[in-house]
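K.L.:
Predicted model follows, preceded by the sequence.
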Amino acid sequence: MTKALWMLDERRKRRSANRSEALRFQLEHTKEQGGLEAVALSDKDGLLLASAGEEGVCEELGAFAPLLCQSPMGMRLPPLLRGGEVAVRSVSIHGTGLFMACLGGGVARDALLTHTTQGARRILAAN
């Protein structure tokens, strides 16, 4: 019986006890799964906490996420985000407002963002 349990596949390929690294792994997985250009987790001031994708794009995505969440219509996007599909989700973790944002993706993007938000909440709550 113990041999059968040992042989079960581990769902996660990469793990880390380090919060920053675990968040990066989570976002990289989402980016790969969804074929996204970038994924960013930022705070209410737009400061990047974790990201996956090209650095400049992630910084703009993180910086604009709080603003986009407040006024998603009619806001002009910065140069690196123009022409792309941007989606933002607000996340509350231990009473702190954070923002999960992505650039690109398609039909599965919303489900991926929800899953990633739950993963980030789990990672931050555990550490």
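P.N.:
Nice, thanks for sending it over.

K.L.:
elements contacting the longest helix seen in the chain?
P.N.:
In the chain, taking DSSP state H as the definition, the longest helix is helix 109-126. When contacts are defined as 3 or more CB pairs under 8 Å, 6 or more residues apart in numbering; DSSP states H and E, helix 109-126 packs onto helix 19-34, strand 36-43, strand 86-93, strand 96-104. Any C-beta I mention is one placed from the backbone N, CA and C, and that applies to glycine too.

K.L.:
list the buried ones in that helix?
P.N.:
Under the neighbour-count criterion of 16 or more other CB atoms under 10 Å, helix 109-126 has 109, 112, 113, 115, 116, 117, 119, 120, 121, 123, 124 buried.

K.L.:
Can you tell me which of the helices and strands packed on helix 109-126 is most buried?
P.N.:
Ranked by mean neighbour count under mean count of other CB atoms under 10 Å, the helices and strands packed on helix 109-126 are led by strand 36-43, which reaches a mean of 25.

K.L.:
Need the residues that contact that one.
P.N.:
Outside strand 36-43, the residues that touch it by CB atoms under 8 Å, 6 or more residues apart in numbering are 23, 27, 30-31, 48-54, 57-59, 61-63, 65-66, 84, 91, 96-105, 109, 112, 116, 120.
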